[in-house]
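# sequence below, structure please.
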Amino acid sequence: MLYARHVEQAAPVAPEACAEELAVLREEIAPLAHTRLRAQARDYLAPAWRRLERLESAWV
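Here you go, the predicted model:
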């Protein structure tokens, strides 16, 4: 729950930082979430994926 709040309240970022945020999410946060949370990892990561989707659509 705290992670979701953090992600949704995070400030907008430049396109370059968006790519870096995506890399961190894919390479560090998602694997850890899948290891620790298993089936609940999808729900935990959903706010982060939504944020990246909004950022990407804002820059396109």
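
# for the most centrally placed residue in the chain, give its distance to E16.
The centroid of the chain falls nearest to A48 when counting by CA atoms, centre = their mean (2.5 Å). Going from A48 to E16 by CB to CB, to the nearest Å gives 18 Å. No exception for glycine: its C-beta is placed from N, CA and C like everyone else's.

# same thing with E56?
According to CB to CB, E56 stands 13 Å off from E16.

# which residue ranges of this structure form helices?
With DSSP state H as the criterion, the chain has helices at 2-9, 15-24, 30-37, 41-59.

# using JSON lines, lay out those together with mean pLDDT.
Below are the helices of the chain laid out as JSON lines (pLDDT from 0 to 100):
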{"stretch": "helix 2-9", "mean pLDDT": "74"}
{"stretch": "helix 15-24", "mean pLDDT": "86"}
{"stretch": "helix 30-37", "mean pLDDT": "96"}
{"stretch": "helix 41-59", "mean pLDDT": "87"}
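
# hmm, A41 and A30 touching each other?
Yes. At 7.3 Å, A30 counts as touching A41 under the criterion of CB atoms under 8 Å.

# ok, the nearest residue to H34 once chain neighbours are set aside - how many residues close by?
Closest residue to H34 apart from its sequence neighbours, by CB to CB, 6 or more residues apart in numbering: A41 at 4.6 Å. Each residue near A41 was counted by other CB atoms under 10 Å, and the total is 17.

# so A41 sits against A33, correct?
Yes. Counting by CB under 8 Å, A41 does reach A33; the two are 4.0 Å apart.

# how about the residue nearest to the centre of the chain, what does it touch?
A48 sits next to 3, 7, 25, 29 when contact means CB atoms under 8 Å, 6 or more residues apart in numbering.

# how does it look with 6 Å?
For A48, the contact set (CB atoms under 6 Å, 6 or more residues apart in numbering) comprises 7, 25.

# and the nearest residue to E56 once chain neighbours are set aside, how far is that from L25?
Spatial nearest neighbour of E56, chain neighbours left out: C18 (6.5 Å); criterion: CB to CB, 6+ apart. Distance, C18 to L25, by CB to CB: 10 Å.
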